[in-house]
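In: with the sequence up front, the predicted model follows.
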Amino acid sequence: MSDEVRNLDDRQKRIFEALVEKERADLADLYRSALDLLASAPEENTQRTRISYICHSMREVMNRVLGAMGNSASPRIRPSTDDQVQVLPNVVAQYPDLALDAEGESIPVPQAVAEMFDKLIKTAIQEKRRSRDDVAALLTDDDNSEHAAVTRWIESRTFFVKWAHLHGTHMDVSELPGDDVIRDHINVFDELFDGVITGFFTLSHSIEDLLAEINAPVMESGDE
């Protein structure tokens, strides 16, 4: 047995090997690294960075397996909110007298700025909906974005996103999530994704067997 999967349980081995089979050894390695770090005791003063490494790896895995399994509800939205935010300062800079923090219930805003904010907000809503729809396409047969499994996936991914980033101030160890909490969220991924790959590869292998049977040479009557 390879060292990469020696310390994983049966379900984790299936996930690791499925990612490799889907030609995403990079995701398999991130997944294994997160599990290895969680299984090891943190050194003194490394608790926060250890959590960051684990959660960064799991965030990437949960985001990237959507594309790796070929499940996408719709094309990626362009330009993205990130791209639009990069352009926003240049547009606002054209109006040096604009004070968005001025007092009052309403503030006059140039049309170009208003249009950009309107587009940015609409894109953010579309991206959030698309993200949930992509998860639904992966986990459900009917693309039901309100399914409980979709909510569980998104909640765990949100946890990993939150703790992948270092914050502006030092946090006491007592404020950090414990290993049991992290493990619970990894278990959510394991449970849900294992169901996906079990169904996917069972179907894939059944199709391969069927094609092999169809393409097998037909023996003439009397041949042995």
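Out: Good, I have the coordinates. The structure displayed is predicted, hence computed values, not measured ones. Numbering: from 1, shown residues only.
In: what comes up buried for whichever strand or helix holds residue 55?
Out: In this assignment (DSSP states H and E), residue 55 forms part of helix 47-68. If you call a residue buried by 16 or more other Cβ atoms under 10 Å, then helix 47-68 has these buried ones: 48, 50-51, 53-62, 65-66, 68. C-beta: built from backbone N, CA, C; applies to glycine.
In: so what's the residue nearest in space to the middle of the chain closest to, chain neighbours aside?
Out: Nearest residue to the geometric centre of the chain (Cα atoms, centre = their mean): residue 63, 1.7 Å. Distances taken as Cβ to Cβ, 6 or more residues apart in numbering place residue 157 nearest to residue 63, at 7.3 Å, with adjacent residues excluded.
In: just to revisit the earlier point, so which of the buried residues of helix 47-68 comes closest to residue 178?
Out: Distance to residue 178 across the buried residues of helix 47-68 (Cβ to Cβ) is lowest for residue 51, with 9.7 Å.
In: residues near the closest residue to residue 47 other than its chain neighbours, how many?
Out: With Cβ to Cβ, 6+ apart as the criterion, residue 47 has its nearest non-adjacent residue at 5.4 Å, and that residue is residue 173. The tally of other residues near residue 173 (other Cβ atoms under 10 Å) stands at 10.
In: ok, residue 173 touching residue 50?
Out: No - at 11.1 Å, residue 173 does not count as touching residue 50 under the criterion of Cβ atoms under 8 Å.
In: coming back round to it: test my guess that the residue nearest to residue 63 contacts residue 64.
Out: No - if you go by Cβ under 8 Å, residue 157 and residue 64 don't touch, sitting 11.4 Å apart.
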